[in-house]
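[1] please find the sequence and the predicted model below.
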Amino acid sequence: MIKINKFAYMKFQYLFFLFIILFSSCETDFDVNAQWQDVTIVYGLIDPNNEDQLVKINKAFLGPGDALEMASIADSSNYNPSDLLVKIHRIRQQSFNQYDTISSVTLSDTILDKDDGLFSTDNNIIYTFKKPSSFYNTNSLYALEIVNLISGYRVTSQTEIINTFSFESLNPSFEWGLYNGDLPDSLRFRTKNVEWQPSTNGVIYQLDIVINYIDTIEKSLVWSQPLVQYTSGNMSLKIKGDQFFQFLTTNLTNNIPKQFLNLDLVMTVGTDDLNTYINVNKPFSGIVQERPVFSNINNGVGLYSSRFTYDDITGIELTNGTINYMINDLDLGFE
């Protein structure tokens, strides 16, 4: 059994516990004295650009005692790792409902450090594997198989993979100009158009702009752009100068002198199943509060899908005009 750093898992863990909460909140009619049933909850996103692939496997719990107290007990939500055999098979479809297995990998149980909170902090178990880039191919499917060696119960799912992404004509050595004081007032805030080619199996795209700066130490601020859904042709997103400066004003203060460094771009691409999961769980303000639960897990509940994180564009600098506006007009302590 190995340990991994928790920071590689923070977003993954947040989405998993969000799914548990949503799953639990939708079960409004049940008998606390009903016969016990093993319900497997799965959350996994295969990302070929990450070294460690993570799958979270838990079980639903129900009992006559205090639910909060039960949630703090590891055995209430964790399987004994020795009771599970977890594999991912790379498969190729030959005909309708007929598949050939190209290769397989057995996942190892891993303990992740977890902060204190509602759920048990003991034995926070995930399942992980590492594979070279050659393992991932958009012409293959990736089938998850979880076998309970005690009961013989089998939980399955499968996903397409996303393993490529590229921006269109984006040179990180070119400065971004988001403000030009030499233009008339109505034209001074400039717009940067970011374009990219759609990825195979990619349906949703989210661009994060990482703003790097120094105050007492080097820090980063992440400006997440709206999700963009693929329709047809090449895709694009407009980065507006006035919105960029408004984001800085909202999220920074002027109590510490700071120096702007540069920008990094991180694009995350998701599959159709991930898009459906996000749409189903969007906040809404209607009178009827019940919402459907999306699951693509056979004999269980949860989400098993793919995403691709592209983070090769780094060190983008801003024009002198943009930097001067940040220093002289924003009152945020930039020097």
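    Ah, there it is. Numbering: from 1, shown residues only.

[2] point out where the stretch 151-300 of the chain drops to low pLDDT.
    Across the stretch 151-300 of the chain, residues meeting the criterion (pLDDT under 70) sit at 284-292.

[3] give me the number of residues near the closest residue to residue 150 other than its chain neighbours?
    Closest residue to residue 150 in three dimensions, ignoring its sequence neighbours and counting by C-beta to C-beta, 6 or more residues apart in numbering: residue 83, at 5.0 Å. In short, each C-beta sits where N, CA and C put it, glycine included. By other C-beta atoms under 10 Å, the residues close to residue 83 number 11.

[4] pLDDT score for residue 83?
    Here the pLDDT value assigned to residue 83 is 94.

[5] ramachandran coordinates for it?
    As for residue 83, its main-chain torsions (degrees, to the nearest 10) stand at phi -90, psi -10.

[6] which residue ranges form the strands in the stretch 101-250 of the chain?
    With DSSP state E, counting those that start in this stretch, the ranges of strands along the stretch 101-250 of the chain come out as 108-112, 125-129, 141-148, 154-159, 166-167, 191-197, 204-214, 218-224, 228-229, 235-240.

[7] could you give the angle of the first one to strand 125-129?
    Pointing back at strand 108-112 there. On the basis of axes from the mean of the first three to the mean of the last three C-alpha atoms, to 10 degrees, strand 108-112 is oriented at 130 degrees to strand 125-129.

[8] repeat for the third one
    Between the axes of strand 141-148 and strand 125-129, defined by the same axes, to 10 degrees, the angle is 140 degrees.

[9] contacts for strand 141-148 next, please.
    Contacts made with strand 141-148 from outside it, assessed by C-beta atoms under 8 Å, 6 or more residues apart in numbering, are listed as 38, 40, 42, 44, 46, 55, 57, 79, 83-93, 99, 153-161, 300, 304, 306.

[10] go on, stretch 185-198?
    Residues external to stretch 185-198 that are found in contact with it (C-beta under 8 Å, 6+ apart): 165-170, 176-181, 205, 207, 230, 233-242, 245, 265, 267.

[11] buried subset of the residues you listed?
    165, 167, 176, 178-180, 205, 207, 235, 237, 239, 241, 245, 265, 267 (16 or more other C-beta atoms under 10 Å).

[12] can you count the residues close to residue 318?
    Neighbour count of residue 318, defined by other C-beta under 10 Å: 21.

[13] wait, it touches residue 261, no?
    No: assessed by C-beta atoms under 8 Å, residue 318 is found out of contact with residue 261, at 9.9 Å.

[14] and residue 302, what are its bridge partners?
    Using DSSP bridges, the beta-bridge partners of residue 302 come out as residue 42.

[15] neighbours of it, how many?
    A count of neighbours around residue 302, defined by other C-beta under 10 Å, yields 27.

[16] show me what contacts it?
    19, 40-44, 295-296.

[17] is it possible to mark the buried ones in these?
    Listed as buried from these are 19, 40-44, 295-296; burial here means 16+ other C-beta under 10 Å.

[18] tell me the domain boundaries of this protein?
    Annotated domains of the chain cover 2-161, 166-269+310-328 [automatic domain parsing].

[19] identify the residue nearest residue 40 in space, chain neighbours excluded?
    Once its chain neighbours are removed from consideration, residue 40 has its nearest residue in residue 300; the separation is 3.7 Å (C-beta to C-beta, 6+ apart).

[20] separation between residue 233 and residue 198?
    As judged by C-beta to C-beta, to the nearest Å, residue 233 and residue 198 stand 8 Å apart.

[21] ah, wrong one, I meant residue 282
    Taking C-beta to C-beta, one finds residue 282 at 23 Å from residue 198.

[22] again, but for residue 209
    To residue 198, residue 209 is 20 Å away according to C-beta to C-beta.

[23] so between these two, which is more surrounded?
    Residue environment comparison for residue 209 versus residue 198 gives the larger neighbour count to residue 209, 20 against 17, counting by other C-beta under 10 Å.

[24] of the domains of the chain, which is nearest residue 277?
    Nearest to residue 277, of all the domains of the chain, is domain 2-161, at 8.2 Å by C-beta to C-beta.

[25] related to what we said a few turns ago, I'd say the residue nearest to residue 40 and residue 43 touch.
    No: under the criterion of C-beta under 8 Å, residue 300 lies out of contact with residue 43, with a separation of 10.6 Å.

[26] buried sites along stretch 316-333?
    316-319, 321-323, 325-326, 332-333.

[27] out of the residues you listed, name the ones that lie in helices.
    Here DSSP state H is the test, and the buried residues of stretch 316-333 give 321-323, 325-326 as lying in helices.

[28] re the thing from before, tell me which of the buried ones among the contacts of residue 302 is nearest to residue 249?
    Checking those against residue 249 with C-beta to C-beta, the nearest one is residue 19 at 34.6 Å.

[29] before we move on, the earlier item: hmm, which of the contacts of residue 302 is lowest in pLDDT?
    Ranked by pLDDT, the contacts of residue 302 bottom out at residue 19, which has 46.
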